[in-house]
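Engineer: quick one, structure for this:
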Amino acid sequence: MPIYRLEKTDGDLSKAELIVAQETDLQLEEHLESWLENSPGALIPDEIVLWIGRQTSARTEENVVFPDLLGVDADGNLIVAELKRAKTPRDTVAQLLEYAAWANELTEEQIHAHAEGYLEKPFQNAFREAFDIPDDEDIPPLNSAMRLFIAAGEILPSVAAVCRFLRTTYGMDVSCLSVSTFQTEAGEMLVGIESTVGDETSTPAKKQKRSESPSGRWSRDKPVKEVVREAAHEFTGGDTEMEFTPKELFEIIIKKYPEFNRATVLGQITPGCPNHPSQKHHSGKHKSYWRVGVGKYRLYDPDRDGADEAEAS
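Structural biologist: Modelled structure (predicted):
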């Protein structure tokens with residue numbers, strides 16, 4: 001998967017050239033674990049992930065295993081990520097399933113304990129902060145479904161085939177991501193992440209509870225960002241004074257798209273909300289919403305909100 005740098009000539013974009021960035025050989029496994037821990041949105045681009053453990057000590061009947069990253073999504077589903085530096089060994093899937101079997105037996109109390117040891121704060125507080133849930137709204141039950149990820153420098157065809165079989169035949173929400181690192185002539189580091197397993201749409205034998213979509217992924221032509229934006233404008237009528245919650249937008253969306261994932265709504269609002277705590281280092285992104293309070297938003301008003309941004313900076 002080549003990555004290109006765009007080199008412009010005299011500022012004329014039409015004359016620009018694509019210059020191939022050189023692939024590098026970093027200690028990918030060590031760095032990737034930290035990168036994904038610091039930037040969980042890279043694992044699931046349309047959603048928010050709350051990590052609750054790294055190299056968590058997991059005792060099975062025979063030994064102690066250590067999942068690389070353990071997290072939860074907005075629906076309370078557990079996320080288990082196994083990361084490899086280069087090629088995925090053949091036993092990677094077995095290793096991931098061993099972690100999944102362990103995680104599947106975790107009670108809510110055990111999940112809280114693991115999370116609080118990692119987060120150093122009460123789990124419920126961290127969950128509400130991550131997913132913008134007000135105090136008067138209940139958080140979802142934990143571990144009703146599981147999402148499994150393998151990320152590596154190269155996903156072997158045999159590993160991809162087994163994961164695809166588990167996904168399409170048995171309905172397991174397992175995905176494989178191929179990760180490459182590149183360096184430009186100026187020394188800038190670039191990372192490419194490509195999904196190799198995870199977009200299958202064939203009907204599984206057992207569907208996950210997370211979504212009515214067999215793959216759990218959006219397959220319509222309209223981008224999810226546009227779907228959420230249209231729902232916000234439908235709810236408010238374009239009034240930048242009117243407040244809404246992600247839940248209210250989701251209730252509009254599922255009438256048109258029953259397979260839409262509820263967690264995706266907040267995952268699309270947050271990047272377009274410049275005053276959201278998670279966006280303090282991403283001011284260059286599009287601005288569509290403004291956070292009024294915990295779990296409450298309105299449409300972005302460039303005159304009023306732009307002035308608030310300038311004052312805050």
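Engineer: for this protein, what spans make up the strands?
Structural biologist: 4-9, 12-20, 22-23, 50-54, 58-59, 64-65, 69-72, 78-87, 146-154, 173-183, 189-197, 289-293, 296-299 (DSSP state E).
Engineer: residue 115 and residue 141: what is the separation?
Structural biologist: Note on residue 115: its distance to residue 141, by Cβ to Cβ, to the nearest Å, is 15 Å. Backbone N, C-alpha and C define where each C-beta goes, glycine included.
Engineer: looking at those two, which one has more neighbours?
Structural biologist: Neighbours around residue 115 and residue 141, counted as other Cβ atoms under 10 Å, are more numerous at residue 115. The numbers are 25 against 10.
Engineer: give me every residue that touches that one.
Structural biologist: Shown here is residue 115, whose contacts under the criterion Cβ atoms under 8 Å, 6 or more residues apart in numbering are 52-53, 72, 123, 126.
Engineer: which stretches of the stretch 101-250 of the chain form helices?
Structural biologist: Assigned helices in the stretch 101-250 of the chain, in chain order: 108-119, 123-131, 157-170, 224-236, 246-256 (criterion: DSSP state H, counting those that start in this stretch).
Engineer: for residue 16, find the nearest of the ones you listed.
Structural biologist: Evaluated over the helices of the stretch 101-250 of the chain, closeness to residue 16 peaks at helix 224-236, with 26.4 Å, by Cβ to Cβ.
Engineer: who's in contact with the residue nearest to residue 132 when sequence neighbours are not counted?
Structural biologist: In space, not counting the residues next to it along the chain, residue 132 is nearest to residue 295; the distance is 4.8 Å by Cβ to Cβ, 6 or more residues apart in numbering. With contact set as Cβ under 8 Å, 6+ apart, residue 295 has these partners: 132-134, 137, 245-246.
Engineer: in this structure, where is pLDDT below threshold?
Structural biologist: Regions of the chain meeting the criterion pLDDT under 70 cover residues 1-2, 9-11, 25-30, 58-63, 65, 199-219, 279-285, 307-313.
Engineer: quick check, central residue of it?
Structural biologist: For the chain, the residue nearest the mean C-alpha position is residue 44 (2.5 Å; Cα atoms, centre = their mean).
Engineer: now do the residue nearest to that residue when sequence neighbours are not counted against residue 302, distance only.
Structural biologist: In space, and not counting its chain neighbours, residue 44 is closest to residue 73: 7.3 Å by Cβ to Cβ, 6+ apart. If you measure residue 73 against residue 302 using Cβ to Cβ, the figure is 32 Å.
Engineer: comparing the two, which shows the higher neighbour count?
Structural biologist: Neighbour count, other Cβ under 10 Å: between residue 73 and residue 302, residue 73 has more, with 24 against 10.
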